[in-house]
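[1] Generate coordinates for the sequence data below:
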Amino acid sequence: MRPPEHRFFEDFALGQQFESGKSVMDAAGIKAFASAFDPQPFHLDESAARESLFRGLAASGWHTAATTMRLLVDSAIRPAGGLIGAGFDELRWPRPVRPGDELRVVCEVLDLRASASRSDIGLVKVRMTTLNQSGEAVQIGVCNLVVQRRSGV
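    The predicted structure follows:
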């Protein structure tokens, strides 16, 4: 059965889970992202990274977040109106992302709340856990998504 093109607020259920495809991180991409957005030595240079807290080249947390976003956009979650965030309640990076890590995202619906001020939207609270190839969490975020309601009831 094919997933719907778009999921309206009414199509989400507590505990529902969505999994993404995979994305492999490489040293060149880690350095390119860091060069543009987070130019710290442990993201840019292997020698400097070995001497840092990370003890080796590590992707910026913001690179991990951007990769997570891409994986979610390409996943089956597909909220009507797009992946529009109303803010994060939590965002953590429990372990570094290294060159060669293969990332995937598991997204779980934690709460559903119809908007009190707008009948055309609801808020879907999700936990997005980005995992490496060993199943270890490299990013955990709890986010509130703004999702269109089917009928605007």
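[2] and the end-to-end length of stretch 109-118?
    With C-alpha to C-alpha, to the nearest Å applied, stretch 109-118 spans 21 Å between its terminal residues.
[3] quick one: buried residues of that stretch?
    For stretch 109-118, the neighbour count (16 or more other C-beta atoms under 10 Å) marks 109-110, 112 as buried. Where you see a C-beta, it was placed from the backbone N, CA and C, and this is true even at glycine.
[4] just stretch 100-111 next, same as before
    Buried, per 16+ other C-beta under 10 Å, within stretch 100-111: 101, 103-107, 109-110.
[5] Give me the subset of those residues that lies in helices.
    Among the buried residues of stretch 100-111, none falls in helices (DSSP state H).
[6] Let's have those residues in a markdown table, adding distance to residue 68 and pLDDT.
    Converted to a markdown table, the buried residues of stretch 100-111 look like this (distance: C-beta to C-beta, whole Å; pLDDT from 0 to 100):
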| residue | distance to residue 68 | pLDDT |
| --- | --- | --- |
| 101 | 13 | 98 |
| 103 | 7 | 98 |
| 104 | 10 | 98 |
| 105 | 6 | 98 |
| 106 | 11 | 98 |
| 107 | 9 | 98 |
| 109 | 17 | 98 |
| 110 | 17 | 98 |
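[7] For residue 8, state which of these is nearest.
    Closest approach to residue 8 among these (C-beta to C-beta): residue 109, at 13.4 Å.
[8] Please tell me how far the residue most central in space within the chain sits from residue 151.
    Closest residue to the average C-alpha location of the chain: residue 68 at 3.3 Å, with C-alpha atoms, centre = their mean. Going from residue 68 to residue 151 by C-beta to C-beta, to the nearest Å gives 31 Å.
[9] Same check on residue 145?
    Residue 145 sits at a distance of 19 Å from residue 151 (criterion: C-beta to C-beta).
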